[in-house]
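S.K.: Generate coordinates for the sequence data below:
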Amino acid sequence: MKTETLLATLGCNPDDHRGAINTPAYRASTILFPNLAAFETAENNTCPYPTYGRYGTISTNTLEESLATLEGADHAIVTSSGLSAIVLALMTFLKNGDHLLMVDTTYGCTRRFCDNELKDMGVETTYYDPLIGAGIASLIKPNTKVVFVESPGSITFEVQDIPAIAKAAHAKGAIVISDSTWGTPIYFRPYDLGVDISIHSATKYIGGHSDLVMGVVTCKKEHYGSLWKTFRNTGACPSGDNCFLAQRGMRSMGARLKQHYENGLNVAKWLKARPEVETVLHPALPDCPGHEFWKRDFSGACGLFSFVLKEQPSFAAMSAMMDNLELFGMGYSWGGFESLLIPITPHKIRTAKQWTHKGQALRIHIGLEHPDDLIRDLEKGFERLRK
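M.R.: Residues are numbered from 1 along each chain as shown. Below is the predicted model:
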C-alpha cells in the first residue's frame, strides 16, 4: 500500500473493539490471565497478549505494529520520551569497555547522556564530523560497537552520507543507530540505507499537536530480543492515553508534513534573500552541507531548519526582535502545528569540527500557519532588530 493508505488504515481493528474504528486508550496496570498456563508462559515472554501495564497494553501494541510497518521494520518499542528511546538503544548495545562513535551534531540531551552516564559506565565516546562519510572507517576501533548518526544534524542540519557510514561500520562489526526524527518514517527510509536501529521522538511529527511526549525504537528481528530485554528492565513505558494520541496523530501526519514542507521552503527562500541573513541551513536548499545526500536519501523535508545572521546583535536587539513576535513562540521541541523560533549556540557544544559562523544562529520551526503571515511577522521582527 501507499504511505497515505497505510497512515489511514494501520491500527484500525473495529472487530476487536465493538466497531470502534480507532483502538481505544487502554488504561491498565494489572492484566488478568485467563488460566495458569498463560500465567506461567508470560515470564518466558511467549504470551500472545499484554501481561502487565508496564510492558504494554493493546494501545501500546497497536501503535508499535503500526509504526514498525510504516518504517519498514519488523518490530517497534514505544517509550516514555524520545530521550528514553535513545537511552534504550545505546544501553542495549554498549557496555563497560566499549567505544561509541557519536555524530558531533547530535541532539544536546544525547550528548549529555554520553558525556555523563555512558562515561560513568566505562563507555568511551568519540565525536565525529557529520560530513566524514566513508572516512569514518579511520575512527573505528576494535572495541567500537555502535556508530550513531543523526541526519540532518541537530540545530545545524548537515546531511550525512549514511550508506557510506553504514558500510564502513558493518565492515568492522559495529551497528548503526539512527535518530531519524527529522525525516519521519514518511520522508526517510533508514533500513534501505543500512541502518540497524532507528529512533524517533514521537513527541514531534508523529504526535504532531504538542500534547504528548513519547519515543519509539524500531528494528529488524535480530535486534528485537536485546532491545526488549533492556526495555523490560528500565520501565520507560508510555501511557495508554499517549499511545492513543500518537496513533491519532499518525492519521494526519502525511497531510501535515506536506504543508510543513511547503511552508518551510517558502520561508527559507524568503530568509535567504534577507539582508540581515548570512546563510540558511535547510537541507532542501542547494548550499546546505550534504544537500546532495538529502536529494538522494530523502523524499521530502519537514518544517525545521536554521539560519545565521550576518552579525551578533546585542541582547537588547535580540529581545526586541524575539519578544514581540506574534506567531512564533519561543520554546523547546518542534513538530507541532505551531511555529517556533529560538536562538542557538553551536560553537559552545561542537568538539569535532569548529563552528565558524560569527553571527547569531537561530533555529526555526515552520508550523501550519499561512506562510505569508509568518513572513510578515518575521519582517516586523527584523525591523525591530535593526532599530
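S.K.: The chain: strands as residue ranges?
M.R.: Under the criterion DSSP state E, the chain contains strands at 75-79, 99-103, 124-128, 144-150, 175-179, 197-201, 215-219, 277-281, 304-309, 328-329, 339-344, 361-365.
S.K.: Start and end of stretch 305-324, how far apart?
M.R.: One end of stretch 305-324 sits 21 Å from the other (CA to CA, to the nearest Å).
S.K.: scratch that, stretch 188-199
M.R.: Start and end residues of stretch 188-199 are separated by 12 Å (CA to CA).
S.K.: and if you look at stretch 137-145?
M.R.: Chord length of stretch 137-145, first to last residue, is 13 Å (CA to CA).
S.K.: if you average pLDDT over that stretch, what comes out?
M.R.: For stretch 137-145, the mean per-residue pLDDT is 98.
S.K.: Show me which positions of it end up buried.
M.R.: Using 16 or more other CB atoms under 10 Å as the burial criterion, the residues of stretch 137-145 that qualify are 139, 140, 144, 145. All C-beta atoms are positioned from the backbone trio N, CA, C, and that covers glycine.
S.K.: ok, and what's touching that stretch?
M.R.: The contact list for stretch 137-145 (CB atoms under 8 Å, 6 or more residues apart in numbering) reads 93-94, 97-101, 126, 128, 132, 147, 168-169, 171-172, 174-175.
S.K.: Out of those, which end up buried?
M.R.: Buried members of the contacts of stretch 137-145, scored by 16+ other CB under 10 Å, are 93-94, 98-101, 126, 128, 132, 147, 168-169, 174-175.
S.K.: nearest to residue 360, of the residues you listed?
M.R.: residue 128 (26.5 Å; CB to CB).
S.K.: residues contacting the closest one?
M.R.: If a contact means CB under 8 Å, 6+ apart, then residue 128 has 101, 102, 103, 104, 136, 139, 352 as its contacts.
S.K.: same check, this time on residue 50
M.R.: The contact partners of residue 50, by CB under 8 Å, 6+ apart, come to 28, 31, 56, 57, 58, 60, 61.
S.K.: Sort out which of the residues you listed are in helices and list them.
M.R.: Judged by DSSP state H, helices contain the following of those: 58, 60, 61.
S.K.: so which of the residues you listed is the most crowded?
M.R.: Neighbour counts for the ones in helices among the contacts of residue 50, by other CB atoms under 10 Å, peak at residue 60, which reaches 24 neighbours.
S.K.: Please tell me how far that one sits from residue 37.
M.R.: Distance of residue 60 to residue 37, given as CB to CB, to the nearest Å: 24 Å.
S.K.: same thing with residue 83?
M.R.: For residue 83, the distance to residue 37 (CB to CB) stands at 39 Å.
S.K.: Name the residue in those two with the higher neighbour count.
M.R.: For residue 83 versus residue 37, neighbours defined as other CB under 10 Å are more numerous around residue 83 (20 against 10).
S.K.: wouldn't the more buried one be in contact with residue 113 here?
M.R.: Yes. If you go by CB atoms under 8 Å, residue 83 and residue 113 touch, sitting 7.4 Å apart.
S.K.: So which residues of the stretch 1-150 of the chain form helices?
M.R.: Counting by DSSP state H, counting those that start in this stretch, the stretch 1-150 of the chain has helices at residues 3-9, 36-42, 58-71, 82-93, 108-113, 119-120.
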